[in-house]
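Visitor: Okay, structure incoming, though there's no sequence with it:
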C-alpha cells in the first residue's frame, strides 16, 4: 500500500478479487490506505442442512497469499452478500447463521482489524443475537455496521426523509441493532452517503453517532468541466463536519471518470486539506473533544500554575471584564469627582492577577483613581501576586493571603470583582463565596458579575455515555457513581435534541434574608425526531455589569471565548425518545454546611431513578 501518510484515511471497497496481492498493490498505487474485501467468494453459497455434498477444496483463499501484517492493517473483511440472518425462510436463515459463524471465525483467524456488516432493514433481531454472541467473546475486533443514510426504498421512490415511516428510517434500524447488542463499544457505524441528503435535523442526529467510516459511493459524485469527480456542495459541507469526528472514508462503486479511480482519492484528500480555518475555540480545544474532565473544586483544591495559565489565555473574558469594570467606575465616580474620589476595588479569588490587570487598565482608560485589594487563598498563587505587586503594580495593589469568606477587611469595597464561575455557573460555589465576601461590600456597592444563570439541554451521545462507563472509581461504594457525576467536556460527537432552557439564577449582592442557595426546577423539552437520550449538557451566561455579558450558552455564546467547556450530566440508562414527544427533567441544587451537590431525574417519556441522592457520588466541598 501507499507508504505516504495521508491527511485522511481513505479505503477502497472491492466486491470480487481474483488476486488479493495484486489488488492491494493497485489500490495502494492509487493512494488508498486500506480495502474492504470479501473473505469468501461472493457466489460461494453453502448448503449446510439439505445433505448437499461439500465442495472439495478449501473454503476460500489461503492466508499465505499476503503477509499477516497486511491482513491485520490493510484488510477490512466483508461477509458473503447472500447471508440473510433474519430471512422468513427457515432454511435460508439457518444456512445464513452457519455461514455467518464460519466466516466470522475466519475473520478472527486472519486478524483483520474490522469486519463490515450490512444492515438492510429494521428486521435485525436475529442478526443482533448472532452478533452479540461474538461481541461477548474475548477479542478486540471492531464491527462496522454498514447503514445507508436514507432507506434504499425511500431513495428510489423519492420519499422525503422526514416523511419516512419509522420502519423505513434507517437511524431506527441502527438504533435497534445497537440497543439489542447492549450498546457495545465494539460496534461502529459505517454510514453511506445518499445522492440526495436528508434535512439538517436528520444529519445532526447522525453526527451524534459513533461513525467510524463514511461510505462514499461514486454515484454521488458530479463531474466538473475538466472531467474530474467532485461532490455537490451539500456533501462537501457534510464531510467537512464529519472530518471533525476523525472519520475514515471508504470509496465504493465503479469508476465513472476517464482519469481513473485515483482521481476520486485525490479529490477526497483535497477536500480534507481545504477545510475551513478552525475557530479560536477549535484550536484551543484540540485534543479535548469528548474528553471527560472532573469539574474544578477551587475551595477544596489549590489550582496549579498551568491551570491558571490556560485560563489567562482567553482573549475575550478579560476584555469583557475590563469593559465592565470601566463602566462601573464611570457610574461610580462622576467626571467632577474623578480627581478627588478613590474607588476601592476588591478582586476576590485573584489567582495570578489577570483581573488586577484588567482593573488597572479600566482605571487608566476611565481616568479614575483606584486602590485594589487582591485576595487569594492559594499560597502558590499568592507568591506570584506578591512578586507582581513588588515588580509591576506597586502601592496601588495590596495582596491579601486569605480565604475571602474569613477575611476581616480594613475598609469596605465599592466594587467586588470575581471570576468564580464554573461551566454550570454556580458549580464552583460562586454563590457561597460571594455571599461571604459581600460582608465587606458597601451597601450600594457593585458586584462584578452581578448575576448568572445556568442552562440545560438534552443531548444524544453514545460516545460520551461509553466514556462515562469507563470512569468507574473503585473507592466509591455505589457501583454506578460514574453516572451520578457531572463532567466538564468539549462536546463534539453529540447531538442536541432541543434548545437549552434556563435553570438556576443567582444575583449579587444577595439581599435575601435568610440567604438560601438551594434550588429546584423541572423543565420540559419538546423533541421532534426520535432519538436516544444519554444526558444533559449544562451551560451558563452572566451579566458582568449593565449590558456587559459573557456566555457559553450556544444561542448566545461569546465569540472567541475559550475559558469554559460545557458540563455533562449523564443518565445511567440511555432512554429512547419517540418522535414528537417531550422530555421532562427535574434537577436540584442542595446544600449543607459542608458541601453542595446536584440531584437529577427524568419523568417523561419514562421515569428514571434519582441520580446522586444525598450527594453520594459527587459533591463540591465548602
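Guide: Ah, there it is. Quick caveat: nothing in here was measured; it's all calculated off a predicted structure.
Visitor: ok, which stretches of the stretch 251-400 of the chain are helices?
Guide: 262-273, 280-284, 305-312, 317-332, 354-366, 379-388 (DSSP state H, counting those that start in this stretch).
Visitor: Equivalent analysis for the stretch 1-150 of the chain, please.
Guide: If DSSP H, counting those that start in this stretch is used as the criterion, the helices of the stretch 1-150 of the chain fall at 20-29, 68-74, 90-110, 125-135.
Visitor: ok, residue 299 touching residue 433?
Guide: Yes. Judged on C-beta atoms under 8 Å, residue 299 makes contact with residue 433 at a distance of 7.4 Å. C-beta coordinates here come from the backbone N, C-alpha and C atoms, glycine included.
Visitor: Same list, the helices of the stretch 1-150 of the chain, but as JSON lines with mean neighbour count please.
Guide: Output for the helices of the stretch 1-150 of the chain, formatted as JSON lines (neighbours: other C-beta atoms under 10 Å):
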{"stretch": "helix 20-29", "mean neighbour count": "16"}
{"stretch": "helix 68-74", "mean neighbour count": "15"}
{"stretch": "helix 90-110", "mean neighbour count": "17"}
{"stretch": "helix 125-135", "mean neighbour count": "18"}
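Visitor: now those in a markdown table, with mean pLDDT and distance to residue 589?
Guide: Listed next are these as a markdown table, based on pLDDT from 0 to 100; distance: least, C-beta to C-beta, whole Å:
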| stretch | mean pLDDT | distance to residue 589 |
| --- | --- | --- |
| helix 20-29 | 94 | 57 |
| helix 68-74 | 94 | 51 |
| helix 90-110 | 92 | 50 |
| helix 125-135 | 93 | 40 |
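Visitor: Centre of the chain to the helix or strand where residue 190 lies, how far?
Guide: Residue 190 is part of strand 187-192 when elements are defined by DSSP states H and E. The chain centre lies 18 Å from the centre of strand 187-192; the measure is C-alpha atoms, centre = their mean, to the nearest Å.
Visitor: Tally up the residues packed near residue 430, please.
Guide: Applying other C-beta atoms under 10 Å, we find 24 residues neighbouring residue 430.
Visitor: need the contact list for it.
Guide: With C-beta atoms under 8 Å, 6 or more residues apart in numbering as the criterion, the residues that contact residue 430 are 418, 420, 421, 422, 452, 506.
Visitor: try 6 Å this time
Guide: Contacts for residue 430 were tallied using C-beta atoms under 6 Å, 6 or more residues apart in numbering; they are 420, 421.
Visitor: and it, backbone torsions?
Guide: Torsion angles at residue 430 (phi, psi; degrees, to the nearest 10) stand at phi -60, psi -40.
Visitor: how far away is it from residue 436?
Guide: 11 Å (C-beta to C-beta, to the nearest Å).
Visitor: And the contacts of the strand or helix carrying residue 237?
Guide: Assignment of secondary structure by DSSP H and E places residue 237 within helix 233-243. Helix 233-243 is contacted from outside by 197, 214, 272, 275, using C-beta under 6 Å, 6+ apart.
Visitor: now, which of those lie within strands?
Guide: If you go by DSSP state E, the contacts of helix 233-243 have residue 214 in strands.
Visitor: Most neighbours among the contacts of helix 233-243, which one?
Guide: residue 214 (23 neighbours).
Visitor: Can you list phi and psi of residue 315 for me?
Guide: In terms of degrees, to the nearest 10, the main-chain angles of residue 315 are phi -80, psi -10.
Visitor: Show residues contacting stretch 113-120.
Guide: 36, 76, 77, 78, 107, 142, 143, 144, 145, 146, 147, 173.
Visitor: Mind listing the residues bridging to the nearest residue to residue 610 once chain neighbours are set aside?
Guide: Distances taken as C-beta to C-beta, 6 or more residues apart in numbering put residue 601 closest to residue 610, at 4.4 Å, once the chain neighbours are dropped. With DSSP bridges applied, residue 601 shows beta-bridge pairing to residue 586.
Visitor: pLDDT score for residue 601?
Guide: Listed pLDDT for residue 601 reads 98.
Visitor: Please report how far it lies from residue 457.
Guide: Taking C-beta to C-beta as the measure, residue 601 falls 17 Å from residue 457.
Visitor: okay, the two: which has more neighbours?
Guide: Set residue 601 next to residue 457 and count neighbours by other C-beta under 10 Å: residue 457 wins out with 21 against 18.
Visitor: Kindly confirm my reading that the more buried one forms part of a helix.
Guide: No. Counting by DSSP: H, G, I helix; E, B strand; the rest coil, one finds residue 457 to be strand, located in no helix.
Visitor: Tally up the residues packed near the nearest residue to it once chain neighbours are set aside, please.
Guide: Nearest non-adjacent residue to residue 457, counting by C-beta to C-beta, 6+ apart: residue 500, 3.8 Å away. Counted with other C-beta under 10 Å, residues neighbouring residue 500 total 23.
Visitor: Show the contacting residues for residue 500.
Guide: Neighbouring residues of residue 500 by C-beta under 6 Å, 6+ apart: 455, 457, 539, 553.
Visitor: How about residue 333?
Guide: 341, 368.
Visitor: Residue 577 is nearest to which of the helices of the stretch 1-150 of the chain?
Guide: Of all the helices of the stretch 1-150 of the chain, helix 125-135 sits nearest to residue 577, with 20.8 Å by C-beta to C-beta.
Visitor: In which helix or strand does the closest residue to residue 149 other than its chain neighbours reside?
Guide: Counting by C-beta to C-beta, 6+ apart, residue 194 is the residue found nearest to residue 149 once chain neighbours are left out, at 4.7 Å. For residue 194, there is no enclosing helix or strand under DSSP H and E.
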